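[1] give me coordinates for this.
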Amino acid sequence: MMASTLSTHFITKLPNPQQVFMPTGIMGAATVIPAKPRRKSSSFPTKFNHLHHYHNLWNSFFRPKSCSLRSVLTKVSGDGGAIDATPQEPAAVSDGEGINISSSTLGDNYVALFVRMLGLDYDALDREQAITTLWKYSLGGKKCIDAIMQFQGCINLTVNLLNSESSATCEAAAGLLRSISSINLYRDLVAECGTIEAITSLLSRPSLTSEVKEQCLCTLWNLSVDEKLRVKIANLDTLPLLISSLDDDAIKVKEAAGGVLANLALSHCNHNKMVEAGVIPKLAKHLKDDVEGYKVIRKEARNALLELAKDHYYRILVIEEGLVPVPMVGAAAYKSFRPELYSWPTMPDGTEIEQTSKGPSRFGASELLLGLNVDKNTDIEEAKMKAIVGRTQQQFLARIGAIELDDERTSQTELPIDQRLTILPWMDGVARVVLILGLDDEVALSRAAESIADSSINEHMRTSFKEAGAVKHLIRLLDHNSGAIRSSVTNALERLSVSPGVCQLLEAEGILHPLVCNLKLSEIPESMMEKTLDILARILDPSKEMKSKFYDGAVNGSKKDLDAARSLDASVGVAGDMAVSITESRKELLDFAVITRIIEILKTSPSNLQRKAASILEFTTIIEPSMETIIKADISSGLDAVFQQKALEDLDADIEAQELDKYALELEEVGLAVSAASRLLAKLLDSEQFCRKIDSTHFTKLLRKILKSDIPLHHKDWVAACLVQLSSLSGPNGDFENPINMEVTLYETIPRLVEQIKLALSSEAQEAAVVELNRIISEGVVDSTRAASEGGIFPLVKLIEGGSERAVEAALSILYNLSMDSENHSAIIAAGAVPALRRIVLSQRSHWTRALRLLRNLPV
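    Model (predicted):
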């Protein structure tokens, strides 16, 4: 029995209760409540028949009418310090004359007795009364807890009571464990006695009162302060129970569960398990709920999410739930905020609101109440409405100096100011970040730009920042004296420019000028140069420009998008205080220094930067061709560098198995750069002036080598087009005997047709591809059957089983030509051609004679 673990000094002779509870000076005030008759079935020993005198008197100390409540929460100080997740309310004994006597004064002598009563040799009611008494006694503070803990085995007996069927017993047992675990000295001992496992089992019960849940979770809250115990709590089945407790109806249960999760998140090793268990959506929901009385759960949810957001991938999950990580820059930084108090209000993105009132009202109400009376026919997008509300709230907080006051006092005080973050719902978070962009503090500006870059993970967030007015601030900061700010701002603009709508706004606001100025800097960091080229390549997309000129319909039925695309030529945008037009800003790209800089990037940069530089140069040939400037800048040397990369020269090198993936990625990057350079070359070859200057023989040799290389097939189309154009410079020669035409056919046309047969989504495209392939092979192009057999046999066999009549006829003809080479027999048979051919012959289909001839060629 667990009671046997207690030491022998627990067996104490009980004195007369009237003598014990009659201290000097209050004899006349104290009364003794007579005990009720003992139940006959009780197992309580005869020598303790008067124990109920003590029970009734002890219980009278905790009646609400005779108790004064005080909050006990002692801060941690050394090994003897105490800390509780949420303070409990201890009882004090009242003598009836206004004199309060601590329960510990009267009860210290009887702690041993009540601990002894926790043993299994007492009935359930006695144990319940004993554990309840000890729990309330422990609320007196550390001294009372020390008095309980001097008896060995009391924790084991208490943990055993967590298995009781009585809710009151479980609540009291968990409450006592909660009090004991609040003391640093006893926390490990509580955990070693199986408390975590017992509480997990108790929380797994289908029906459990909120009071029991609260005490259990608060005990885990105290235990999770220890890093070793966090891992133990997260490794058990406790984690799903904690997450489900966040949906409990009782606010105290929610708060305790959130506190445990916040502590678990302090250990990085728990992050993966917590995220997989689905903790982020639950915590995000509580953080976004603006409900009165939820301050504690919001705080704990924010703390947990801040820890999880330290991981890049988990930060994305947090942002996807509609939250934004916002830098804490210090309340002093907001003193530089200067609201525009006397200007006519505008939308956050800078759009002016029409002024209907001709004169100001007497007390300025027309400006103050602007927007409250909105015409029913007015169409305001939700993003704009949220931006207005968010800006108004954050500017109000900044004006009264109420931003970050609570955060600075309560959270992340151990971190330096340049690393502190908070998490806000997206409406407030976006507005707060944009507000920081208008401050003077350089560290704050840099961190706000970094926050925009981190948060721009989807179209919703990018649009939110655009509507909130972030674009104007970021473009203004591109000219900042600090290189760190320029780098952070460029990174933020690169992430925002993924959105087509933001791209249009960026060009309209005059971003080309500062980007071109930064690009011309000789000491620009490579990362910043890459981001700058990214933005320019997205704004100056040649394919987008051609569509805007020649396509006249609405994309996906969106007339608004079409109108926005057409507005590219409109004179809008402001860069600084000077109005500029898009046409004028684009002319800066034709400056000799800019083109020389871009060609230098073609010569010296990695493949990913070469691709973007080539795309920008191609755009310059579209907007206003200036071959003289491009030729003078030695464009041929840039193209030559792209076409002679190391990855293209190591065609025959042996690649080890572990480097195959790396080699494939490198070929993909090289293929993209080669394709962009080939597209640029094709545009330049349309100019007679360039054709007279280019060394066509040299570039033909380079492109033929690339055509035979291992770069992906879809990157060879423009290479083939350039070869055809270069061959035409020496005169018309369109037959297959021309070496260039033959190589284009073998290394680009035939592989492309085979891939189309294999991957075409429509039967019409598949039929057109197989008919064209049959035509090429039938004309007797040298090695055409060898090129077609590489990956083409299996899709051709599959086609004769279910293709159209015309496609089946062409496929049978190709397979017959391939079967003339005995090396292809095994592949044709392995593809399942024999059963398919026999079915065609036996069914007497229209092409059964071709199928029969093919069967006779095969060794079957």
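
[2] ok, and the closest non-adjacent residue to residue 316?
    Nearest in space to residue 316, with sequence neighbours left out and distances taken as C-beta to C-beta, 6 or more residues apart in numbering, is residue 457 at 5.4 Å. Quick note: C-beta positions are derived from backbone N, CA and C, even for glycine.

[3] for the one you found, what are its contacts?
    Counting by C-beta atoms under 8 Å, 6 or more residues apart in numbering, residue 457 touches 316, 319, 320.

[4] confirm that residue 326 sits in a strand.
    Yes - remark: residue 326 belongs to a strand, assigned using DSSP: H, G, I helix; E, B strand; the rest coil.

[5] thinking again about what came up before, which one of the contacts of residue 457 is nearest to residue 523?
    residue 316 (33.0 Å; C-beta to C-beta).

[6] wait, is that closest one part of a helix?
    Yes - counting by three-state DSSP, residue 316 is located in a helix.

[7] what number of residues lie near it?
    The burial count assigned to residue 316 is 14, neighbours taken as other C-beta atoms under 10 Å.

[8] look up how far residue 529 lies from residue 523.
    To residue 529, residue 523 is 10 Å away according to C-beta to C-beta, to the nearest Å.

[9] ignore what I typed, I meant residue 446.
    Distance of residue 446 to residue 529, given as C-beta to C-beta: 19 Å.

[10] check what pLDDT residue 375 gets.
    pLDDT, residue 375: 51.

[11] residue boundaries of the strands in the stretch 751-860 of the chain?
    Counting by DSSP state E, counting those that start in this stretch, the stretch 751-860 of the chain forms no strands at all.

[12] contacting residues around the closest residue in space to residue 829 that isn't next to it in sequence?
    In this structure, residue 829 finds its nearest non-sequential neighbour in residue 858, 6.3 Å apart by C-beta to C-beta, 6+ apart. Contact partners of residue 858, counting by C-beta under 8 Å, 6+ apart, are 819, 825, 828, 829, 833, 834.

[13] the one helix or strand residue 185 maps to: which residues count as buried?
    Using DSSP states H and E, the element containing residue 185 is helix 184-192. Neighbour counts over helix 184-192 (16 or more other C-beta atoms under 10 Å) mark 184, 185, 186, 187, 190, 191 as buried.

[14] the closest residue to the fourth one other than its chain neighbours: neighbouring residues, count only.
    This points to residue 187. Nearest non-adjacent residue to residue 187, counting by C-beta to C-beta, 6+ apart: residue 181, 5.3 Å away. Counted with other C-beta under 10 Å, residues neighbouring residue 181 total 31.

[15] residues contacting residue 181?
    Residues near residue 181 by C-beta under 8 Å, 6+ apart: 187, 190, 191, 195, 219, 222, 223.

[16] residue 314: neighbour count?
    Residues within reach of residue 314, counting by other C-beta under 10 Å, total 19.

[17] make sure it is actually in contact with residue 279.
    No - judged on C-beta atoms under 8 Å, residue 314 makes no contact with residue 279 at a distance of 10.1 Å.

[18] which residues do the two both contact?
    Contact with both residue 314 and residue 279 is made by residues residue 308, according to C-beta under 8 Å, 6+ apart.

[19] so how far is residue 767 from residue 818?
    Distance, residue 818 to residue 767, by C-beta to C-beta: 19 Å.

[20] do residue 383 as well
    As judged by C-beta to C-beta, residue 383 and residue 767 stand 47 Å apart.

[21] for residue 291, helix, strand, or coil?
    Put simply, residue 291 is coil when judged by three-state DSSP.

[22] and for it, the neighbour number?
    Neighbours around residue 291, by other C-beta under 10 Å: 10.

[23] give me phi/psi at it?
    Per-residue torsions, residue 291: phi -110, psi 140 (degrees, to the nearest 10).

[24] just the pLDDT at it, thanks.
    At residue 291, pLDDT is 80.

[25] before we move on, what about residue 647?
    73.

[26] neighbours around it, how many?
    Neighbour count of residue 647, defined by other C-beta under 10 Å: 19.

[27] could you double-check that it sits in contact with residue 668?
    No - counting by C-beta under 8 Å, residue 647 stays clear of residue 668, with 10.1 Å between them.

[28] okay, now the unreliable bits of the chain?
    Low-confidence segments of the chain (pLDDT under 70): 1-109, 236, 340-380, 405-418, 545-581, 624-625, 649-658, 730-737.

[29] could you identify the longest helix within it?
    helix 660-684 (DSSP state H).

[30] tell me which other helices or strands the very next helix or strand once past the helix holding residue 185 touches.
    Downstream of helix 184-192, the next assigned helix or strand under DSSP H and E is helix 195-203. Other elements packing on helix 195-203 under the criterion 3 or more C-beta pairs under 8 Å, 6 or more residues apart in numbering; DSSP states H and E are helix 154-160, helix 167-181, helix 210-223, helix 227-235, helix 238-245.

[31] of all those, which one is nearest residue 267?
    Checking the helices and strands packed on helix 195-203 against residue 267 by C-beta to C-beta gives helix 227-235 as the closest, at 4.7 Å.

[32] what angle do the closest one and helix 238-245 make?
    Computed by axes from the mean of the first three to the mean of the last three C-alpha atoms, to 10 degrees, the angle separating helix 227-235 from helix 238-245 equals 70 degrees.

[33] many thanks, I have nothing further to ask.
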